[in-house]
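# have a look at this prediction, sequence included:
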Amino acid sequence: MRGWLQPVARGLARTGVSPDVLTWAGLVLTAIGAVEISHGRFTIGALWAIGGSLLDALDGPVARERGKETRFGAF
């Protein structure tokens, strides 16, 4: 998966997107997915959750690309 994430992370880093924005956006999308799933809309809920997970997977590589790695971020 790293081979796919790195070019995307590099592109996002060039645009100036903050890793924190990706983290928070991933959390929001995952929460939307949880609400959808709790209402019985499993497919759309899963899609929201997958989107949020992808953003969460990108925040670390973007932080490394931008030189903004922190111990807190590693947690």
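Looks like it came in fine. Residues are numbered from 1 along each chain as shown.

# count of neighbours near Val17?
Residues contacting Val17 under the criterion other CB atoms under 10 Å number 17. Just so you know, the C-beta spots here come from the backbone N, C-alpha and C atoms, and that holds for glycine as well.

# low-confidence stretches in the chain?
1, 70-75 (pLDDT under 70).

# what residue is smack in the middle of it?
What sits nearest the mean C-alpha location of the chain, by CA atoms, centre = their mean, is Leu55, with 1.4 Å.

# how about the residue of the chain most remote from its centre, secondary structure?
Among residues of the chain, the one most distant from the C-alpha centroid is Gly40; the distance is 24.0 Å, by CA atoms, centre = their mean. Put simply, Gly40 is coil when judged by DSSP: H, G, I helix; E, B strand; the rest coil.

# got phi/psi on it?
Note on Gly40: backbone dihedrals following degrees, to the nearest 10 are phi 90, psi 10.

# residue contacts, Gly26?
52-56, 59 (CB atoms under 8 Å, 6 or more residues apart in numbering).

# secondary structure added to those, as a markdown table?
Formatted as a markdown table, the contacts of Gly26 follow (three-state DSSP):
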| residue | secondary structure |
| --- | --- |
| Gly52 | helix |
| Ser53 | helix |
| Leu54 | helix |
| Leu55 | helix |
| Asp56 | helix |
| Asp59 | helix |
